[in-house]
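Asks: Predicted coordinates and the sequence they were generated for:
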Amino acid sequence: MENDLGNYRKSYEKGALLLKDVPENPMELFQKWFYEVDTHFPIDETNAMTLSTMGLDGFPKGRVVLLKKFTYEGFIFYTNYLSEKGNAIDANPNVCLSFFWHGAERQIIIKGKAEKISKNLSDGYFESRPRGSQLGAIVSNQSQPIHSRAELEDKLKQLEHDFEGKDIPRPDFWGGYIVKPVEIEFWQGRANRLHDRIHYKLDSSFNWNKNRLSP
């Protein structure tokens, strides 16, 4: 089991991020970075992000979810509202999102407040999902113990039979959240660990203030 990780090193030299070059609104920079990464540094899922919440047990927990839409207002993802993450958000809507795009040597960390989106928006996205994903959302009592894989598959087969030739309605316990940011940090890897960090913070007048952070 012994493995010396102290010698794992990489020199980051693919880009720079200067305060004079960034826009006043961080969502514009997010959009620019997202599409640059998606175009020039293809990876499996550019929209994969880590969602961190404060659990009901007092421990923070991060897990990877998929960003499905972003606007000037915030970042939207979908999940089971009764899941561990859903219960955590209900108790404390302050969350953190993070993206790490190793190909571009970039990271974005977002602090914000999560809230449910409107039912009609959740309905619209649910209708756009593949039929198997729709059924999967109904089958899974997410985060709850289950006796076996077979139990899950048997339930799926029954639902496939029940909904054969029918539209599948969105269950009330499944839908979207939007994370409305209050702070966003952009990190660009640089040589000698002297990374570029530009930090935006929303003030009480809903204006974004930005500054450079020491690496």
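Replies: Here it is on my side, so go on. Numbers count the residues shown, from 1 in each chain.
Asks: what's the burial count for residue 8?
Replies: Using other CB atoms under 10 Å, the number of residues around residue 8 comes to 7. Any C-beta I mention is one placed from the backbone N, CA and C, and that applies to glycine too.
Asks: tell me what the helix or strand harbouring residue 151 is packed against?
Replies: Counting by DSSP states H and E, the element that carries residue 151 is helix 149-162. In terms of contacts (3 or more CB pairs under 8 Å, 6 or more residues apart in numbering; DSSP states H and E), helix 149-162 is packed against helix 131-139.
Asks: So, low pLDDT: which residues of this structure?
Replies: 1 (pLDDT under 70).
Asks: that older thread, now the helix holding residue 151: buried residues?
Replies: 155-156, 159 (16 or more other CB atoms under 10 Å).
Asks: Any chance of those residues in JSON lines with distance to residue 191 as columns?
Replies: Shown next, in JSON lines, are these (distance: CB to CB, whole Å):
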{"residue": "155", "distance to residue 191": "53"}
{"residue": "156", "distance to residue 191": "51"}
{"residue": "159", "distance to residue 191": "54"}
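Asks: What is the nearest of these to residue 172?
Replies: Taking CB to CB as the measure, residue 172 sits nearest to residue 159 out of the buried residues of helix 149-162, at 16.1 Å.
Asks: and that closest one, how far is that from residue 137?
Replies: 10 Å (CB to CB, to the nearest Å).
Asks: Check which helix or strand residue 33 maps to.
Replies: helix 26-40.
Asks: send the alpha carbons of that helix over as CSV?
Replies: Extracted as CSV, the C-alpha positions of helix 26-40 are listed here (Å, rounded to 0.1, in the frame of the first residue of the first chain):
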residue,chain,number,x,y,z
PRO,A,26,-18.0,36.4,-13.9
MET,A,27,-20.8,34.6,-15.8
GLU,A,28,-19.3,36.0,-19.1
LEU,A,29,-15.9,34.5,-18.1
PHE,A,30,-17.5,31.2,-17.1
GLN,A,31,-19.2,31.0,-20.5
LYS,A,32,-15.9,31.8,-22.3
TRP,A,33,-14.0,29.2,-20.4
PHE,A,34,-16.7,26.5,-20.6
TYR,A,35,-16.9,26.7,-24.4
GLU,A,36,-13.1,26.9,-24.8
VAL,A,37,-12.6,23.8,-22.8
ASP,A,38,-15.5,22.0,-24.5
THR,A,39,-14.0,22.9,-27.9
HIS,A,40,-10.2,22.7,-27.4
